[in-house]
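Q: Below are the sequence and a predicted model for it; my questions follow.
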Amino acid sequence: QQHQQRYQEAHYQQQQVMVDRQQQQQRQQTSRQKSRSHSSQTYKQQQQRRQHPSNISPDPAFISIWLEASAPNLSSFSSSELASSIYSLALLDRQPPQHWLHSFFAASEGLLQRSSAQDLSNMLWALGRLRLRPSSEAWWNKYQAAVLAVLRDFTGIGTTNLIWGAARLELQPSAHVAELLLWQAQRTFWSMDLQLLVSLAWGVAKLGLKPRKIWLHQLCKRVTRQYSSLTPGLASSLLLSLGALHHCPRMWMGRFLRSLQPQLSAFSPQDMANTFTAFARMLYTPNQDWLFEFTIAARGVLSGCGPQQLLPIAHALAVLHSNTGYRVNPDFLAALLGRARTTAAEFGVLDCVNLAHSLVYLKVAPGVGLLSALVTVFMQQMQSATDSEVCGMLWALGAFWRSGDECIWLRQNWQLVQQLVAVAGTQLHRYQPLQLKRVIVAVAAMGCKPDSTWLAAHEAAVSRQLEQMYPATLEQIMRGYRELGYAPVNKQSLLEAVARPKQQGQPEQQQQSQH
């Protein structure tokens, strides 16, 4: 009985221990679940805050008070504090007053040599975002020297921000500094995302830097690994920068455009204009299937295009047509001209001339509606037109004279043509050889019959620039004189100038034929 009693007590105690352990495990599991749920909620809140940042902005009055209070004390700021100050103002998109900016440049100039790479990149990025150029050339020179001192410390984002800021401010680095910046950027390609790569390419193109082929090849290779994050805006900007850098790797372009094909319907009007311009700079024509879908997508956004998009598209089509034999889709071109006619009231003088020239090179008649709109807008703003713009419009009208409907409209509005010829007559003494040729060819084509004073002024301008003119240019000018029935006073000297280069070139031609 005693043994059984002891056994029961030991068994009861063992069960009690097991129950206590189970309860303790349950309490621990419950606390873990609570902590996990709390941490997940905290993480979700942080993600939501990042995705939906607070709309609360600092009081403008407080920023003004801070600017006024800090301006006299900027000389006591450290380089990091100065960089943080201008960087914060850039994030707030707040332009500081001139006296604060003057104090900032004066205080930072003496601290540039002790600044870190991050401070230097943040400083120039902020200045570029606010478009605040340094007050003196000495500041920029000291800044470049400070960059060289900590060049290896620049990260991918730091190098990109530096080049981007310099490009925004049009601050040209020295050749040595530019070469080292490109080298450092190449070392940090691996750490750059697509946005940084596009910004870097834009800055390099904007500054007119000359990276090597291997640099551009590695940039494109890095882009290839990030096709998943490609957007129409980034793609069109990258193509535009590569076009400015005259880099067109054919095989890479084919793969890049194929990856972009599913997003063509999401292109904005500006994306379309940038892509067309990039193709024109590269003299690159995509394959027919891609081009067909791209043209359809471009036609779909024409209704939202303004002069800033229509003119680059027309110019790009003219360049591709003249240099690559690209055949412009007639329906797309008709829609483009229709949209240009609708928005012609928003054009400036230069816009009218550029669009007219694009149509001349495309060998397309503008139509009476578009022609009348362009001429009307140009004549209304002709007082602000330059010499080249007046000559360019007159040359385009001479080319449109060959089309039936356009010729009839110009004859019906002959006073506008005569007025344009008269204005050109007052500018002849400032014209270059090409302008002198174009204006006389246009006048002869339209049969304007200017008076002898006008023709004598043209001949005098030609005589002053005989040494700069090609023989073919002089021949066309002489042909224009003949069609207008004008006998040049210095006809003999003009003929000698036409024949002299030929006589000099005959021995070279004989030697080449003998060889």
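A: The structure has been received and is ready for your questions.

Q: Any stretches of the protein with poor pLDDT?
A: Low-confidence segments of the chain (pLDDT under 70): 1-25, 27-56, 500-515.

Q: if we go to 80?
A: Across the chain, the ranges flagged by pLDDT under 80 are 1-58, 497-498, 500-515.

Q: Residue 61: how many residues sit nearby?
A: Around residue 61 there are 8 other residues, counting by other Cβ atoms under 10 Å. (Glycine included, C-beta is placed from N, CA and C.)

Q: Quickly note the distance from it to residue 267.
A: Applying Cβ to Cβ, to the nearest Å, the value for residue 61 to residue 267 is 43 Å.

Q: Repeat that for residue 430.
A: 43 Å.

Q: Pick out the residue closest to the middle of this structure.
A: Centroid-nearest residue in the chain, with Cα atoms, centre = their mean: residue 240, separated by 6.4 Å.

Q: Look up which helix or strand that residue falls in, please.
A: helix 232-244 (DSSP states H and E).

Q: got the contact list for that helix?
A: 194-195, 197-198, 201-202, 204-206, 216, 220, 223, 248, 256, 260, 263-264, 266-268, 270-272, 274-275, 277-282 (Cβ atoms under 8 Å, 6 or more residues apart in numbering).

Q: Equivalent analysis for stretch 398-417, please.
A: By Cβ under 8 Å, 6+ apart, stretch 398-417 touches 356, 359-360, 365-368, 371-372, 375, 379, 397, 438, 441-443, 445-446, 448.

Q: and it, which residues are buried?
A: Across stretch 398-417, burial judged by 16 or more other Cβ atoms under 10 Å covers 398-401, 403, 406, 409-410, 413, 416-417.

Q: Repeat that for stretch 92-99.
A: Within stretch 92-99, the residues that count as buried by 16+ other Cβ under 10 Å are residue 96.

Q: so how many other residues sit close to residue 376?
A: Neighbours of residue 376 under the rule other Cβ under 10 Å: 15.

Q: Renumber starting at 714 from here on
A: Taking 714 as the first residue, the last one we looked at is residue 1089.

Q: Okay, it and residue 1073: tell me how far apart.
A: Residue 1089 is 19 Å from residue 1073, where distance means Cβ to Cβ.

Q: just checking, what packs against the helix or strand where residue 908 lies?
A: Per DSSP H and E: residue 908 is located in helix 907-920. For helix 907-920, the contact count by 3 or more Cβ pairs under 8 Å, 6 or more residues apart in numbering; DSSP states H and E identifies helix 869-882, helix 888-900, helix 926-937, helix 945-957 as packing neighbours.

Q: Show me the contact partners of the first one.
A: When you say that, I think you mean helix 869-882. Contacts of helix 869-882 (Cβ under 8 Å, 6+ apart): 830-831, 833-835, 837-842, 844-847, 860, 867, 885-886, 894, 897-898, 901-905, 909, 912-913, 915-917, 919-920.

Q: Those residues, buried ones only, as a PyMOL selection?
A: One line in PyMOL is enough to select the buried members of the contacts of helix 869-882, burial here meaning 16+ other Cβ under 10 Å:
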select buried, resi 830+831+833+834+835+837+838+839+840+841+842+845+847+860+867+886+894+897+898+901+902+905+909+912+913+915+916+917+919+920
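
Q: So for residue 1143 and residue 980, which residue has more residues nearby?
A: Per other Cβ under 10 Å, whichever of residue 1143 and residue 980 has more neighbours is residue 980, with 22 against 12.

Q: now that one, nearest residue through space, not along the chain?
A: Excluding its sequence neighbours, the residue lying closest to residue 980 (Cβ to Cβ, 6 or more residues apart in numbering) is residue 945, at 4.7 Å.

Q: Okay, the one you found and residue 974: tell me how far apart.
A: Plainly put, residue 945 is 11 Å away from residue 974 if you go by Cβ to Cβ.

Q: More neighbours: those two, which one.
A: Neighbours of residue 945 and residue 974, each counted by other Cβ under 10 Å, are more numerous for residue 945; the result is 20 against 14.

Q: could you give the angle of the helix holding residue 953 to helix 926-937?
A: Interaxial angle of helix 945-957 relative to helix 926-937 (axes from the mean of the first three to the mean of the last three Cα atoms, to 10 degrees): 170 degrees.

Q: Okay, angle between helix 945-957 and helix 907-920 too, please.
A: Interaxial angle, helix 945-957 versus helix 907-920 (the same axes, to 10 degrees): 30 degrees.

Q: what's the following helix or strand after helix 945-957?
A: Beyond helix 945-957 toward the C-terminal end (DSSP H and E), the next one is helix 963-973.

Q: list the buried ones in that following helix?
A: Going by neighbour count (16+ other Cβ under 10 Å), the buried part of helix 963-973 is 965-966, 969-970, 973.

Q: Then stretch 1097-1105?
A: Quick answer for stretch 1097-1105 (16+ other Cβ under 10 Å): 1098, 1100-1105.

Q: do stretch 854-864 as well
A: Quick answer for stretch 854-864 (16+ other Cβ under 10 Å): 855-857, 859-860, 863-864.

Q: can you put the residues you listed in a markdown table and add distance to residue 1136 and secondary structure?
A: A markdown table is the format used below for the buried residues of stretch 854-864 (distance: Cβ to Cβ, whole Å; DSSP: H, G, I helix; E, B strand; the rest coil):
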| residue | distance to residue 1136 | secondary structure |
| --- | --- | --- |
| 855 | 50 | helix |
| 856 | 48 | helix |
| 857 | 48 | helix |
| 859 | 54 | helix |
| 860 | 51 | helix |
| 863 | 58 | coil |
| 864 | 55 | helix |
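
Q: Nearest to residue 1166 among these?
A: The nearest member of the buried residues of stretch 854-864 to residue 1166, counting by Cβ to Cβ, is residue 857 at 56.7 Å.

Q: and the gap between the residue nearest to that closest one when sequence neighbours are not counted and residue 992?
A: Excluding the flanking residues, the one nearest residue 857 by Cβ to Cβ, 6+ apart is residue 890, at 4.9 Å. Residue 890 sits at a distance of 33 Å from residue 992 (criterion: Cβ to Cβ).
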